[in-house]
Each structure stands twice: as structure tokens, then as C-alpha cells.
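Q: Only the shape, not the letters, is given here:
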């Protein structure tokens, strides 16, 4: 079974927090900007792709750790925050949170306010697709600047996690269509975004009660040898409610070769038992099952990957079939959403 090696990450987390603890008193004496610089100097040797930001004024302050919207670095960021020790007068937070007020930016002598960024949205493949325009004419030589600034503003208004995980395609209106664009100001967009995510896409964040509803999907793909391979998928439609939950970021997959009806029944019994164990305390949800070339793979989104693997392994003791476990970090539920129309 592939191992999920967390030792280097755990060691890096411990090293950073030890460095912060050792220097906390001297750090507190610094002004906010120098405090932030000092924290980043401590962070860089351990997690060079992450950054520390400071809210509030020392000695009491909030330490915000950010991955600058890079989903590839979210696992490191979340592990770092979860491993934080108690630090007196310091609140540790993962991700830049939503800005409660509008704001403006200046870049290369060009100014843009969040109220001047216009947004239209639509649900698309389980996420929210956006189209962006502007409420004022943008000079041709500033188009790229304005578009870049609008993405930074989206990150601040929607929050780092939601922008990275819940937003799909982002397109900018062409210059010649700008005058007719009827988007809403970015300052007013958050309630519309949340309503689309919750009501139109059905991502309520609430664990579905009772029996779950399933749908069958079939597709073909081309194998490495050029053959067309049939793929049959059973999708748990009820799992849609949980897409994007920040505590269900890991995907656990269990692959079992099936050659007879008896083996299929044994695999289903195993899946039912593992599903029940994970759902008891809302620790995970079975999302879909894929049958391809005689191998049945059941997928779960889980909260604690190590505990989920432990459950999966303990239940294997009662099963004669060989099973291969695999773990992946998938906060956007890509493996599930590809089967959502």
C-alpha cells in the first residue's frame, strides 16, 4: 500500500513552532510590520512557499498563515496550523479570510476599487464560474494590470480558501463588450456567491441523513495500448452537499479486484461497513465507486486520513479479497466532480 509520509511535514511544523516559541517575547516587542518580517524569516527555512501575515498590534496579535491561493500548498498550510501550540496572546489562523469592507488598489500608477470590479456568475461542473468586467473604462495598456488586480480583489473578498476551491473558470470580458456588461459590483457579490454555492449547486455543508441516493454513469477512455476501456461509475448524489468542506480534504480510495458475484458481494459488505464507521462521527463520506477492467474502487472524502486508513485496514482483517489503499489530498473534490454533469 502506498504510504502517506507525514514525517518530514511534521518535523517542519515542529521546527517552525519551536522557533516561534523561542523568540516570541522578542518578536512581541517589534512593530507589526517588523513582526511579520521576523515571522517570515522563521517560516522560510521550513515552508518557503507559505507566508505569515499579522493582524492587530503586538503584543497581542493574530498570525495568519497563507499559501497565496496555491491549492498545491494547502496541505502543508493546514498541517502547520493544526499543529500550532498554545501561544499566549497569539491567535493562529489558516488562510486569508474574507474582507468585510470594500477596498482599493494601486499598481503602476493605475487605481482600481473593488466597487469598480463587476462580476457575473453561473454554476458549472460543481463550482462557480465567473465573468469579470469593470465599471469604468480601462486604458488598453492597463488591461493586464486591471485583470490581475481583479483576481487579487476576488481572493480578498471571497477569502483565500473559497476562491481557490469553490471558484471554477474565471473569464474577463473583452474590451469591445465591456460597455454592455451587466455584472454586479464585487462589493455586493458575496451573498450571491454563497447562494449559488448553497442553493444552486446544493453544497450545503450538512451531512445527508438517512439512505443516500445514487446515480449510474458510464464512459469510455483510451488505454495506453490504444484499447477503449469502459468505465462504470456509481455516484453518491447525496455527497454533493459536502463538496468544498475544509475538513474533508483527503480522498481515501480502496481498490479491489472482482472476478465473481461472491467477491462483489464481499466487496460491497466491506464498503458498507467502512462507510458506516466513517459516517458515525461525520469523519468521512463515500462519494463514488468506479468499476474498470475488473477492479472496483470505492472513494471516500475523509477528515483524518490516518484514522480513516486505520479503519480501512482493520476491516480488511475480516475480508479475503486483496485491497489496495491510496490517499490523496483533494480539497476541491476533483475525483468526484468529474462525474457531476
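A: Done, it's in. Since the structure is predicted, the reported quantities are computational estimates derived from the model, not experimental observations.

Q: Hmm, residue 319 is touching residue 263, no?
A: No. Counting by CB atoms under 8 Å, residue 319 does not reach residue 263; the two are 9.9 Å apart. From N, CA and C alone the C-beta is placed, and that goes for glycine too.

Q: Buried ones in the helix or strand where residue 76 lies, by neighbour count?
A: Using DSSP states H and E, the element containing residue 76 is helix 74-82. Residues of helix 74-82 classed as buried: 74, 75, 76, 77, 78, 79, 80, 81 (neighbour count, 16 or more other CB atoms under 10 Å).

Q: Any chance of TSV for those residues, columns pLDDT?
A: TSV is the format used below for the buried residues of helix 74-82 (pLDDT from 0 to 100):
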residue	pLDDT
74	97
75	96
76	97
77	98
78	96
79	96
80	98
81	97
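
Q: of all those residues, which comes closest to residue 207?
A: Nearest to residue 207 among those: residue 78, at 20.4 Å, using CB to CB.

Q: for the chain, what spans make up the helices?
A: For the chain, the helices defined by DSSP state H occupy 7-28, 32-43, 74-82, 143-158, 160-166, 190-195, 261-279, 305-316, 334-337.

Q: Would you tell me which one of those helices is buried the most?
A: helix 160-166 (a mean of 21; mean count of other CB atoms under 10 Å).

Q: So what touches it?
A: 66-71, 74, 94-98, 127-128, 154-155, 158, 193, 197, 203, 244, 246, 331-332 (CB atoms under 8 Å, 6 or more residues apart in numbering).

Q: go with 6 Å
A: The contact list for helix 160-166 (CB atoms under 6 Å, 6 or more residues apart in numbering) reads 69, 71, 95, 96, 127, 128, 154, 155, 197, 244, 331, 332.

Q: repeat for stretch 269-280
A: Stretch 269-280 has contacts (CB under 6 Å, 6+ apart) with 284, 286, 298, 311, 312, 315, 319.

Q: can we see that at 8 Å?
A: By CB under 8 Å, 6+ apart, the surrounding residues in contact with stretch 269-280 are 207, 254, 256, 284-286, 289, 298, 300, 302, 308, 311-312, 315-316, 319, 321, 323.

Q: tell me what the helix or strand of the chain with the lowest mean pLDDT is packed against?
A: Ranking every helix and strand in the chain by mean pLDDT, DSSP states H and E puts strand 104-107 at the bottom, with a mean of 88. Strand 104-107 is packed against strand 110-113, helix 143-158, with contacts defined by 3 or more CB pairs under 8 Å, 6 or more residues apart in numbering; DSSP states H and E.

Q: So what's the residue count around the residue nearest to residue 170 when sequence neighbours are not counted?
A: With CB to CB, 6 or more residues apart in numbering as the criterion, residue 170 has its nearest non-adjacent residue at 4.8 Å, and that residue is residue 130. Neighbourhood size, residue 130 [other CB atoms under 10 Å]: 24.

Q: Run through the bridge partners of residue 130.
A: According to DSSP bridges, the residues that bridge with residue 130 are residue 121, residue 170.

Q: Relative to the least confident helix or strand of the chain, what are the paired strands and their orientations?
A: Taking DSSP bridges as the criterion, strand 104-107 pairs within the sheet with strand 110-113 (antiparallel).

Q: Distance from the chain centre to the strand it pairs with, please.
A: Strand 110-113 has its C-alpha centroid displaced from the chain centroid by 30 Å (CA atoms, centre = their mean, to the nearest Å).

Q: quick one: the residue nearest to residue 170 and residue 121 touch, right?
A: Yes. Taking contacts as CB under 8 Å, residue 130 lies within contact range of residue 121: 5.4 Å.
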